[in-house]
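J.: task: produce atomic coordinates for the following.
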Amino acid sequence: MGLKQNHHPISHTMEFMKSRYTFYIVGSGYIVGSGKKPFRQLALSGRHALVFVALLIALSSILSVSIYAGITSVRHRNASAAIELEMARKDAEIEARDEQLLTMAGEVNTLKRSLLDLYEFEKKIRVIANLGPVSKGDNLFGVGGAIPEDIDTNLIIHEQGEALVREMAEQINETSLAAEEERGRFVSLYEILDEKRSVLESTPAIRPTTGWVSSKFGARTSPFSGKKSFHKGYDIANHVGTPIVAPADGVVTYAGSRGSMGIMVTLDHGHGMVTRYGHLSKTLKKSGEQVKRGETIALMGNTGRSTGPHLHYEVHLNGMPVNPVKYILD
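T.: Okay, here's the model as predicted:
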């Protein structure tokens, strides 16, 4: 029976510290052992080997932490970039919406003004066709004849966008109703005018010549006497030789000189309507000739009692002079 030898841990430690170890380094890895030709070898004592291994473990830990921190940083940057991109997209959508709202508001205002112009045109046609004015209770916008204010396109969209949208919705609805009402009135007006076509063809409706207005119909100070007088016509000034056209179908009842009116042409349009053209340089039609609306009948001049080249244009209804402006639609 033999004796069992006990190995104390301290003896093992001492043996480890005294031993020498060879490390073989291949690429970026470390191999402990022998038997193969190393790419690079490193021989260390036990103590140094222990320190070397500890350093390797520490470096591995630092490397792992650095890699994790790098990955986390990249993720945060990607998340921030995604948020910024989304915010930029939202801002672009808001800006596009604001521009669209302003464009729509401008279009609604333009439509309203066009309807008002059409309404005024209708009233003018009614006067010319002797149909009487539009009924007081028959208004284009709203109740009681109140015309709503234009949409305020200067609203701060981001703060008051909802108010603008509500106002637009209300006025679009109101404008739509007004347009439908105006369409109905024009259908009725067309039916009436179709029956009065012959009368309308004989009613002055266009400007007899081009130029600028030098004197209007009504009371004025006479350029000759300096006293108050009543001007029965509408003076349009331009160069000598400017064409004068018939404002409606009619018959030439006079073409020649007549006192202070100089060379003059008179057209009878029938239905009690007569027009006169004074201070002409030349007449192009003779008495008894038929003329059509827009046909040239004379040339502008400076004859008779005149202060310069112009047309003196008169409109008479049943023998009484009336304001020619009421019979100019263009």
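
J.: how does the chain divide into domains?
T.: If you go by automatic domain parsing, the domain ranges for the chain are 9-71, 108-201, 212-327.

J.: element containing Arg276?
T.: Here Arg276 is covered by strand 273-283, with elements defined by DSSP states H and E.

J.: what's the longest helix in this structure?
T.: Longest among the helix segments of the chain by residue count, using DSSP state H, is helix 46-128.

J.: now the following helix or strand past that one, how far from the chain's geometric center?
T.: Going down the chain from helix 46-128, the next helix or strand is helix 157-195, by DSSP H and E. Mean C-alpha position of helix 157-195 versus that of the full chain (CA atoms, centre = their mean, to the nearest Å) differs by 18 Å.

J.: list the buried ones in helix 157-195?
T.: For helix 157-195, a neighbour-count test (16 or more other CB atoms under 10 Å) marks 157, 164, 167-168, 171-172, 174-175, 178-179, 181-182, 185, 189, 193 as buried. Heads up, the C-betas are built off the backbone N, CA and C, glycines and all.

J.: so what touches the helix or strand harbouring Gly256?
T.: In the assignment (DSSP H and E), Gly256 maps to strand 250-257. Strand 250-257 is touched from outside by 202, 263-270, 274-275, 283, 285-291, 297-298, 303-304, with contacts defined as CB atoms under 8 Å, 6 or more residues apart in numbering.

J.: pLDDT weak spots in the stretch 101-250 of the chain?
T.: Within the stretch 101-250 of the chain, the segments meeting pLDDT under 70 span 129-130, 132-164, 195, 220-227.

J.: and the nearest residue to Val165 once chain neighbours are set aside, how many neighbours does it have?
T.: Distance criterion CB to CB, 6 or more residues apart in numbering; nearest residue to Val165, sequence neighbours excluded, is Leu101 at 6.9 Å. Neighbour count of Leu101, defined by other CB atoms under 10 Å: 18.

J.: quick one: Thr240 is in a helix?
T.: Rather than Thr, residue 240 is Val. No. Looking at Val240 with DSSP: H, G, I helix; E, B strand; the rest coil, it is coil, so not inside a helix.

J.: from Gly301, how far off is it?
T.: In this view, Val240 and Gly301 are 6 Å apart by CB to CB, to the nearest Å.

J.: before we move on, what about Met320?
T.: On the measure of CB to CB, Met320 and Gly301 end up 27 Å apart.

J.: same check, this time on Gly256
T.: The value you get for Gly256 to Gly301, if CB to CB is used, is 13 Å.

J.: need the residues touching each of these two.
T.: Jointly contacting Gly256 and Gly301 under the rule CB under 8 Å, 6+ apart are Ile263.

J.: between those two, who's got more neighbours?
T.: Gly301 (22 against 12).

J.: can you pull the contacts of the more buried one?
T.: By CB under 8 Å, 6+ apart, Gly301 lies in contact with 240-241, 262-263, 279-282, 309.

J.: distance to Lys232 and neighbour count added to these, as TSV?
T.: As requested, these are exported to TSV (distance: CB to CB, whole Å; neighbours: other CB atoms under 10 Å):
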residue	distance to Lys232	neighbour count
Val240	23	16
Gly241	25	11
Gly262	15	18
Ile263	18	20
His279	14	24
Leu280	17	27
Ser281	21	17
Lys282	23	13
Pro309	20	19
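
J.: ok so, going back, name the helices or strands packed onto the very next helix or strand once past the strand holding Gly256?
T.: Counting by DSSP H and E, the element after strand 250-257 in chain order, helix or strand, is strand 263-270. For strand 263-270, the elements it packs on are strand 250-257, strand 273-283, strand 296-300, judged by 3 or more CB pairs under 8 Å, 6 or more residues apart in numbering; DSSP states H and E.

J.: hang on, the earlier thing: so the strand holding Gly256 versus strand 263-270, what angle?
T.: Per axes from the mean of the first three to the mean of the last three CA atoms, to 10 degrees, the angle that strand 250-257 makes with strand 263-270 is 160 degrees.

J.: list the buried residues of strand 250-257.
T.: By 16+ other CB under 10 Å, the buried positions in strand 250-257 come out as 250-252, 255.

J.: list the residues that contact both of Val240 and Gly301?
T.: With CB under 8 Å, 6+ apart, Val240 and Gly301 have common neighbours 281, 309.

J.: what residues sit buried inside stretch 58-70?
T.: In terms of neighbour count (16+ other CB under 10 Å), stretch 58-70 has no buried residues at all.

J.: and stretch 302-321, by the same measure?
T.: For stretch 302-321, using 16+ other CB under 10 Å, the buried residues are 303-304, 306, 309-317, 321.

J.: and for stretch 206-224, what's in contact with it?
T.: Contact with stretch 206-224 is made by 227-238, 242-248, 275, 277, 293-294, 300, 305, 307-308, 310-311, 313, 321, 323-325, 328-330, as judged by CB under 8 Å, 6+ apart.

J.: convert the C-alpha atoms of that stretch to PDB, please.
T.: Provided in PDB are the C-alpha atoms of stretch 206-224 (Å, rounded to 0.1, in the frame of the first residue of the first chain):
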ATOM      1  CA  ILE A 206     -71.800  99.700 -79.700                       C
ATOM      2  CA  ARG A 207     -69.400 102.600 -79.500                       C
ATOM      3  CA  PRO A 208     -69.600 104.600 -82.800                       C
ATOM      4  CA  THR A 209     -65.800 105.300 -82.900                       C
ATOM      5  CA  THR A 210     -62.500 105.000 -81.100                       C
ATOM      6  CA  GLY A 211     -60.800 107.700 -79.000                       C
ATOM      7  CA  TRP A 212     -61.100 109.400 -75.700                       C
ATOM      8  CA  VAL A 213     -64.100 111.100 -74.200                       C
ATOM      9  CA  SER A 214     -63.700 114.900 -74.300                       C
ATOM     10  CA  SER A 215     -67.200 115.900 -73.200                       C
ATOM     11  CA  LYS A 216     -70.100 114.000 -71.600                       C
ATOM     12  CA  PHE A 217     -73.900 114.300 -71.800                       C
ATOM     13  CA  GLY A 218     -75.500 116.800 -69.500                       C
ATOM     14  CA  ALA A 219     -74.900 120.200 -68.000                       C
ATOM     15  CA  ARG A 220     -71.400 121.700 -68.700                       C
ATOM     16  CA  THR A 221     -69.600 125.000 -69.200                       C
ATOM     17  CA  SER A 222     -69.700 126.000 -72.900                       C
ATOM     18  CA  PRO A 223     -66.100 126.100 -74.300                       C
ATOM     19  CA  PHE A 224     -67.300 129.000 -76.500                       C
END
